[in-house]
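Participant: Provided below for reference: sequence and predicted model.
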Amino acid sequence: MKSWRFTEKSIPAVIALLTALAYGLLLPFTGFYWDDWPFAWIARFLGPKEFFRAFAGVRPFLEPIFFVTTSLVPPIPLYWQIFALIIRFFSGLSAWFAFKELWPHSRRQALVTSLLFLLFPGYSQYWVAFTHINQEWIPFLFYILSFGFTTRALRHSTRFMSNTLYAILFLIVGVFPTEYFLGLEPLRCFFIWMILSETSSSFQQRMIQSLKQWSPYLLVWLANAAWLAYFYTIGTYDSYDVEVIKQPLTIFQIILDFGEAIWKGGFYIWSQILVLIAKSPATPVSILTLLLIAVIFLGSAFYLSRLDEREEAGKSFAGTTILAGLSGLLLGRLPSLAAGLPLTLQSSNDRFMISMMLAGSVFIVGLVEFATRNRRIKIYIFALLIALSLGQQFFNANIFRRDWERQQEFFWELAWRIPALKPNTLIITDMIPVDYETDISFTAPINWIYAPDYRRSNLPYAILYTDIRLGGTSLPALEKSINIDMGLRTVYFHGSTSQAIVIYVPKNGCLRVLDPARGDQVTYEKHPIQLRDAIPLSDITNILVDHDRARMISFLAEPSHSWCYFYEKAELAYQKKDWPQVIKPIDEAISLGYQPDDPFEWLGYVEAQAWSGNIEIAKMVSRKAFAEDEGIRKGLCEVWRRVQVEGPVRSESSRKIVSQILKEYQCR
């Protein structure tokens, strides 16, 4: 059995393996999200030096980080996801370095804490790689190293000065680029206290020594706090406001927020994956996640039980780690709380959990140590926590995989339907049904596609969501001749609502360009009011139907040519009033077994058949669409009225059929 023992030399390999399993299994199928798109567009079209301008008014100390990384890593999603995987591995390794120095006699607990930090299930934003690796994870990596060198300095007196110097330098690089970690620094004082407690029994002496050892770090921390206070209030900061200054929190609100932080960061997140799986237990991703959890649990239990560890945590370990964890959770919540930002899980807002990850991992390990002294039970609990956390990250990866797939479908449908756009065109929609992008995010790839030869100038294109922009400075109202000015970091779009198109992207269906001349304001009257009211602004002459200027971004994989491909080709032909070319792709789609998910997509085909004299076919398809969704009635009325008034209905029998159809659908 001795041959089955694992030594500490195996730990880097274990960290690498868990990193790959948690974040690498679906890595090739993930892409760009949120601010990844604007950053990638800047890197591609304006170059790495542009980030010095891009962050001058937001987080100026991030500038060198973005400059270095974008100089080394091309703006291609796969490269950034691989780079992120490497940074995640080193963050886990750095956590192991810090915790093994902090708890040299509790190496198993140090390892488990490091692994839970690596897999921390409350943070789902790992795949927003371009953004968060630069903005948070690289500074955080240095911050963790700073903790490690502080503990090493206290453990190894012969190299105290050099280790302290490294710790201070890493602290500067870790805390100044971003305000995310502003609340973490007192945790270092707590760790110093824990180390000094091993040799000093006097509370007063420990307090004096702890403050003395912490003082150089405290000076850096206060300098950063002074800088942020200046930058937020007097300087040029242009991002989040300090909401607690404008609207101070009540004691009750503070208690609720801190209680939420402890509940979510210390308890709920560790079993969150079970709640998510319970919502859809029979789906493939849920089944695969459960299988992965089972495999990781068995592997982790086996590894931890055979890890060569001769010493276990002392009696005081549980109490001090629980107290440190609770303190860190509250401290980690402070920056986002000050900005008035919610701590919602499984959303972009759970990125604020990053400043609570260390503390949350410390807290749960302390809680397990408090709950039981039985070595075998502890190993099983630790193995289960590792397995659940890894399963959560695999589950999250699949969410981002689906989002990337839907993004690519959107971009290709856009290109199929709109081969080129007049420069200075504004795209308006209510909302695109993806989880991790906004209109500002999408403005970057739309310019990338439709202005592939862009050189520094005003942005040729922009997209705005009525759902979140209407009534604000970006989109004051849905009226003609309103000037639109919006920025993408350092470049700006200057346009007007008089040169716009309106698109609609249903959750289940294909992208549509809406046209007031087709009666779409009536057809879509039951859709969101912001979308319906925008339709009169849509001028489809801004779409250049006989040009092909769009150049699809190389890393956007073209989806299979199913229904939406043929539908977009038919809609493009509809804009030309080329009725045979409207019918042809739809007939081809039907012959291949494709059908629309949304019956509204039959309307153009119905009209083309009627205009081509195939009244009976148009009538049959109308009835089919109406049977699927009676909400299409007014859309059918708009189609058949146009056919009656403008179409080539020459024979008396055809006119009667059209009149009967209008009567059948109660068209007034």
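Facilitator: All right, it came through fine. As the structure is a computational prediction, the values presented were derived from the model and not from experiment.
Participant: quick one: contacts for Leu292?
Facilitator: Shown in contact with Leu292 (Cβ atoms under 8 Å, 6 or more residues apart in numbering): 21, 387, 390-391, 394. (Glycine included, C-beta is placed from N, CA and C.)
Participant: how many other residues sit next to Asp485?
Facilitator: 13 (other Cβ atoms under 10 Å).
Participant: tell me the helix or strand right after the worst-scoring helix or strand of the chain on mean pLDDT.
Facilitator: Across the helices and strands of the chain, mean confidence by mean pLDDT, DSSP states H and E is lowest for helix 243-246: a mean of 51. Next along the chain after helix 243-246, taking DSSP states H and E as the criterion, comes helix 251-266.
Participant: moving C-terminal from that following helix, which element do we reach first?
Facilitator: helix 272-279.
Participant: list the buried residues in that next one.
Facilitator: Residues 272-273, 276-277 are the ones in helix 272-279 that count as buried (16 or more other Cβ atoms under 10 Å).
Participant: can you redo these as JSON lines with pLDDT?
Facilitator: Output for these, formatted as JSON lines (pLDDT from 0 to 100):
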{"residue": "Gln272", "pLDDT": "96"}
{"residue": "Ile273", "pLDDT": "96"}
{"residue": "Leu276", "pLDDT": "95"}
{"residue": "Ile277", "pLDDT": "95"}
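Participant: returning to that earlier point: just the contacts of Leu292: which are in strands?
Facilitator: Judged by DSSP state E, strands contain none of the contacts of Leu292.
Participant: so the nearest residue to Ile427 once chain neighbours are set aside: helix, strand or coil?
Facilitator: Leaving aside its chain neighbours, Ile427 sits nearest to Ile463 (4.2 Å; criterion: Cβ to Cβ, 6 or more residues apart in numbering). State at Ile463, reduced to three classes by DSSP: H, G, I helix; E, B strand; the rest coil: strand.
Participant: gap between Ile463 and Arg512?
Facilitator: 15 Å (Cβ to Cβ, to the nearest Å).
Participant: which helix in this structure has the most residues?
Facilitator: When the chain is parsed with DSSP state H, its longest helix is helix 375-417.
Participant: got the angle between the helix or strand that that helix is followed by and helix 375-417?
Facilitator: Using DSSP H and E, the helix or strand that follows helix 375-417 in sequence is strand 425-429. On the basis of axes from the mean of the first three to the mean of the last three Cα atoms, to 10 degrees, strand 425-429 is oriented at 130 degrees to helix 375-417.
Participant: quick one: list the elements packing against strand 425-429.
Facilitator: strand 461-465, strand 491-496, strand 500-504, helix 529-534 (3 or more Cβ pairs under 8 Å, 6 or more residues apart in numbering; DSSP states H and E).
Participant: recalculate using a threshold of 10 Å.
Facilitator: helix 439-450, strand 461-465, helix 466-469, strand 483-488, strand 491-496, strand 500-504, strand 512-514, helix 529-534 (3 or more Cβ pairs under 10 Å, 6 or more residues apart in numbering; DSSP states H and E).
Participant: the ones you listed: which one's closest to Asp350?
Facilitator: helix 439-450 (17.9 Å; Cβ to Cβ).
Participant: would you mark the buried spots in that closest one?
Facilitator: Quick answer for helix 439-450 (16+ other Cβ under 10 Å): 439-450.
Participant: and that helix with strand 461-465, angle?
Facilitator: Going by the same axes, to 10 degrees, helix 439-450 makes 150 degrees with strand 461-465.
Participant: helix 439-450 - contacts with which helices or strands?
Facilitator: Under the contact rule (3+ Cβ pairs under 10 Å, 6+ apart), helix 439-450 is packed against helix 36-45, helix 375-417, strand 425-429, strand 461-465, helix 466-469, strand 483-488, strand 491-496.
Participant: for the record, mean pLDDT for that helix?
Facilitator: Summarised as a single mean, pLDDT over helix 439-450 is 94.
Participant: ok, and Ser327, which helix or strand is that part of?
Facilitator: Using DSSP H and E, Ser327 falls in helix 317-338.
Participant: now the element after that helix, going C-ward?
Facilitator: Criterion used, DSSP H and E; the element after helix 317-338 is helix 357-371.
Participant: now that following helix against helix 251-266, angle please.
Facilitator: Going by the same axes, to 10 degrees, helix 357-371 makes 80 degrees with helix 251-266.
Participant: which helices and strands does helix 357-371 pack with?
Facilitator: Partner elements for helix 357-371 (3+ Cβ pairs under 10 Å, 6+ apart): helix 77-102, helix 107-118, helix 138-155, helix 185-196, helix 251-266, helix 317-338, helix 375-417.
Participant: which elements pack onto the third one?
Facilitator: The one in question is helix 138-155. helix 63-72, helix 77-102, helix 160-175, helix 185-196, helix 203-233, helix 357-371.
Participant: now with 6 Å?
Facilitator: helix 77-102, helix 160-175 (3 or more Cβ pairs under 6 Å, 6 or more residues apart in numbering; DSSP states H and E).
Participant: tell me which of those helices sits most buried.
Facilitator: The highest average neighbour count among these, using mean count of other Cβ atoms under 10 Å, belongs to helix 77-102 at a mean of 22.
Participant: helix 138-155 and that one, what's the angle between them?
Facilitator: Using the same axes, to 10 degrees: helix 77-102 against helix 138-155 is 20 degrees.
Participant: mind showing which ranges of this structure have poor pLDDT?
Facilitator: Low-confidence segments of the chain, defined by pLDDT under 70: 1-3, 200-201, 233-249, 309-315, 549, 649-650.
Participant: residue contacts, the residue nearest in space to the middle of it?
Facilitator: Centrality entry for the chain: nearest residue to the mean C-alpha point is Tyr436, 4.1 Å, by Cα atoms, centre = their mean. Listed by Cβ atoms under 6 Å, 6 or more residues apart in numbering, the contact set of Tyr436 reads 33-34, 403.
Participant: report the secondary structure state of the nearest residue to it once chain neighbours are set aside.
Facilitator: Nearest non-adjacent residue to Tyr436, counting by Cβ to Cβ, 6+ apart: Tyr33, 4.0 Å away. With three-state DSSP as the basis, Tyr33 sits in coil.
Participant: domain ranges for this protein?
Facilitator: For the chain, automatic domain parsing gives the domain ranges 2-402, 418-554, 560-668.
Participant: so which of the ones you listed comes closest to Glu409?
Facilitator: Nearest of those (Cβ to Cβ): domain 560-668, 7.1 Å.
Participant: how far does that closest one sit from the chain's center?
Facilitator: Offset of domain 560-668 from its chain centre (Cα atoms, centre = their mean, to the nearest Å): 39 Å.
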